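**Q** got a predicted structure here, sequence first:
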Amino acid sequence: MSAHTAAPAGIGTATTRRQVFAWGLWDWGSAAFNAVILTFVFSVYLTDAVGDDLPGTVSASTWLGWALGIAGFVIAVTAPISGQHYDATGRRKRSLAVLTFVTVAAMAGMYFVRDDYHYLWLGLVLLGVGSVIVELAQVPYNAMLRQISTEQNIGRVSGFGWSMGYFGGIVLLLLCYTGFIAGDGDTRGFLGLSTDDGTNIRLVALLAAAWFGIFAIPVLLAVPELPPTGVHPGAEKGRITEAYRVLWRDLRDLWTADRRTVWFLGASALFRDGLAGVFTFGAVLAVTVYGIGTGDVLLFGVAANVVAALGALVAGRIDDRVGPKAVIVVSLAAMIVVGVVLLAVSGPLLFWIFGLLLCLFVGPAQASARTFLARITPPGREGQMFGLYATTGRAVSFLAPTLFGFFAWGFGTDRAGIAGLLVVLGAGLAALLAVRAPEAVGQPLKAGGRGQPLK
């Protein structure tokens, strides 16, 4: 048999700039949940305002950690089987629409979370549900990457999507801060919104919901639905037990046909956790180690996202020329070198210089990781593979926080936590070096890596 099979209709074919731009707008819009709701605004409101007088011995922050932990577990066990179901039924775009607007509904519901600990549970449920659904929505969205790109421009398209996510988060955060949050007293922002009962933050949740909903519409109008692929016999039935049986069968076949995909999923899980750790602990280190003022942390965060976005855009073009593996290897190696320098330097100025240099390589590594998987995924299995991509990422997401804390505790300084992040990045780099790079640009899309197509 031939080592290659024809890709299903709509995969790896030429698309319009309009479709690519519409696809990128979803990333721009989804930043409303990731940046505003989950990271900087609503989660902080839950712990610092809603739950600040929570009775009992368990803090609101602890409850938040547990809620997100449960959400992570649900994502890990459902992402791969949901992805293969989208592939098998030909409902990739429909699933993206449903999951997106369920997330939007959860975000809008956060308006009803008043500044009273009795509403903490509502806030935690909505945040947990939103975290699960938006992550599951990433599966069909990422699976569309090959559908709206070609083998010659897939790196640029992936980099464009990542940069749109960064820029969307920046614009919305600045809008929320200046219009709804900035200032002191009973009214905040240039809109003069009341802080009574958390009104200004609750209105931020409504704005974020509208932002995501509006910018999610173009991809649903511009990108066509693909027909069922027929590559997951049995997955279209929708039964959970059958779905896991199909998943195990496909993984066994994939291991036999092309182990590279399995190895890459493991390697990328490691270095993606390290990349997440850079942003997770960056603000903490800026204040506690390098003397950045608390008021300047947001400015650094904006600058860091701009630099990461620009890095993703530039690296996307390099990806299409030299391949995603080279981009990821260089990015991780550069981050390790810069991280070692950060262990030695002190002061706000040097942190601004080397901290931003570190962030310059985060975007390229993230965008090219998505490209790498898209290039080596058997045609028609994109949903399943990106579901596994989400699952493996969740499976090791404890590593960077744990090692950061271990090194900081062991050496008695937060600065040493950087070494913990470098260990995770180094492990991911070492694992990636053992994975064979995707085939040269222009070769046919592969179905099996050892001369046999996957059944």
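**A** Great, that's in hand. What you see is a predicted model; the values in this text were computed from it and never measured. Residues are numbered from 1 along each chain as shown.

**Q** residue contacts, the closest residue to Leu432 other than its chain neighbours?
**A** Computed as Cβ to Cβ, 6 or more residues apart in numbering, the closest residue to Leu432 that is not its neighbour in sequence is Ala267, at 4.3 Å. Where you see a C-beta, it was placed from the backbone N, CA and C, and this is true even at glycine. Applying Cβ atoms under 8 Å, 6 or more residues apart in numbering to Ala267 gives the contacts Gly428, Ala431, Leu432, Ala434, Val435.

**Q** before we move on, what about Leu120?
**A** Counting by Cβ under 8 Å, 6+ apart, Leu120 touches Leu46, Val50, Gly51, Leu54, Ala60, Trp63, Val113.

**Q** rewinding a little: my read is the residue nearest to Leu432 is in a helix, agree?
**A** Yes - when the secondary structure is assigned by DSSP: H, G, I helix; E, B strand; the rest coil, Ala267 falls within a helix.

**Q** quick one: it from Gln366, how far?
**A** Distance of Ala267 to Gln366, computed by Cβ to Cβ, to the nearest Å: 14 Å.

**Q** swap in Ala222?
**A** Distance from Ala222 to Gln366, counting by Cβ to Cβ: 24 Å.

**Q** so for the two, which residue has more residues nearby?
**A** In terms of neighbours (other Cβ atoms under 10 Å), Gln366 is the more surrounded of Ala222 and Gln366; the figures are 26 against 17.

**Q** isn't that one up against Gly274?
**A** No - Gln366 lies out of contact with Gly274 (Cβ atoms under 8 Å); the separation is 11.1 Å.

**Q** so where does the residue lying closest to Ile201 once chain neighbours are set aside fall, helix or strand?
**A** Nearest non-adjacent residue to Ile201, counting by Cβ to Cβ, 6+ apart: Tyr45, 4.5 Å away. With secondary structure defined by DSSP states H and E, Tyr45 is part of helix 42-45.

**Q** which neighbouring elements make contact with that helix?
**A** Identification of packing neighbours for helix 42-45 by 3 or more Cβ pairs under 8 Å, 6 or more residues apart in numbering; DSSP states H and E yields helix 120-143, helix 199-222.

**Q** keeping just the C-alphas, turn it into PDB.
**A** Only the C-alpha atoms of helix 42-45 are listed here, as PDB (Å, rounded to 0.1, in the frame of the first residue of the first chain):
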ATOM      1  CA  PHE A  42     -13.200  37.700  37.400                       C
ATOM      2  CA  SER A  43     -11.100  35.000  39.300                       C
ATOM      3  CA  VAL A  44      -9.500  37.800  41.300                       C
ATOM      4  CA  TYR A  45     -12.900  39.300  42.100                       C
END
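
**Q** quick check: Pro364 touching Val329?
**A** No - counting by Cβ under 8 Å, no contact exists between Pro364 and Val329, whose distance comes to 10.7 Å.

**Q** and these two? Which one has more around it.
**A** Comparing Pro364 with Val329 by neighbour count (other Cβ under 10 Å), the higher total belongs to Pro364, at 29 against 18.

**Q** the more buried one and Ala97, how far apart?
**A** Relative to Ala97, Pro364 is positioned 30 Å away (criterion: Cβ to Cβ).

**Q** who are the contact partners of Thr199?
**A** Neighbour list for Thr199: Leu193 [criterion: Cβ under 8 Å, 6+ apart].

**Q** can you tell me which residues contact the residue nearest to Ile201?
**A** Val113, Asp115, Gly198, Ile201.

**Q** now do Val330
**A** Phe361.

**Q** so that it lines up with my notes, have the first residue be 52 from now on.
**A** Got it, first residue is 52 now, which makes that one Val381.

**Q** the helix or strand hosting Leu302 - what's its average pLDDT?
**A** Element membership of Leu302 [criterion: DSSP H and E] is helix 291-308. Helix 291-308 shows a mean pLDDT of 74 in the predicted model.

**Q** stretch 179-198 now?
**A** Average pLDDT, stretch 179-198: 92.

**Q** what do you get for stretch 373-388?
**A** Rounded mean pLDDT across stretch 373-388 is 96.

**Q** buried residues in that stretch?
**A** For stretch 373-388, burial by neighbour count (16 or more other Cβ atoms under 10 Å) applies to Gly374, Pro375, Lys376, Val378, Ile379, Val380, Val381, Ser382, Leu383, Ala385, Met386, Ile387.

**Q** just the closest of the residues you listed to Pro269, please.
**A** Relative to Pro269, the closest of those is Pro375; by Cβ to Cβ it sits at 26.3 Å.

**Q** that closest one against Ser419, yeah?
**A** Yes - Pro375 is in contact with Ser419 according to Cβ under 8 Å; the separation is 3.9 Å.

**Q** which residues touch Ile252?
**A** For Ile252, the contact set (Cβ under 8 Å, 6+ apart) comprises Val92, Phe93, Tyr96, Ala100, Phe231, Ile232.

**Q** and it, how close does it get to Leu97?
**A** Using Cβ to Cβ, Ile252 is found at 9 Å from Leu97.

**Q** before we move on, what about Phe412?
**A** If you measure Phe412 against Leu97 using Cβ to Cβ, the figure is 32 Å.

**Q** ok, Asp104 next?
**A** Counting by Cβ to Cβ, the separation of Asp104 from Leu97 is 13 Å.

**Q** and those two? which has more neighbours close in?
**A** Neighbours were tallied for Asp104 and for Leu97 using other Cβ under 10 Å; the higher tally belongs to Leu97 (27 against 10).

**Q** flag the shaky bits of this protein, pLDDT-wise.
**A** Confidence mapping of the chain against pLDDT under 70 gives the ranges 52-65, 141, 279-293, 345-346, 491-506.

**Q** ok, which stretches of it are strands?
**A** According to DSSP state E, the chain carries its strands in the segments 238-239, 244-245.

**Q** redo these as TSV? Include mean neighbour count and distance to Ile126.
**A** Compiled in TSV, those are given as follows (neighbours: other Cβ atoms under 10 Å; distance: least, Cβ to Cβ, whole Å):
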stretch	mean neighbour count	distance to Ile126
strand 238-239	18	34
strand 244-245	16	34
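
**Q** ok, Gly390 - contacts?
**A** Taking Cβ under 8 Å, 6+ apart as the contact definition, Gly390 lies against Leu409, Ile469, Leu472, Leu473, Leu476.

**Q** now the residues you listed in JSON lines, with neighbour count and distance to Ile221?
**A** As requested, these are arranged in JSON lines below (neighbours: other Cβ atoms under 10 Å; distance: Cβ to Cβ, whole Å):
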{"residue": "Leu409", "neighbour count": "25", "distance to Ile221": "18"}
{"residue": "Ile469", "neighbour count": "23", "distance to Ile221": "25"}
{"residue": "Leu472", "neighbour count": "30", "distance to Ile221": "23"}
{"residue": "Leu473", "neighbour count": "22", "distance to Ile221": "27"}
{"residue": "Leu476", "neighbour count": "26", "distance to Ile221": "24"}
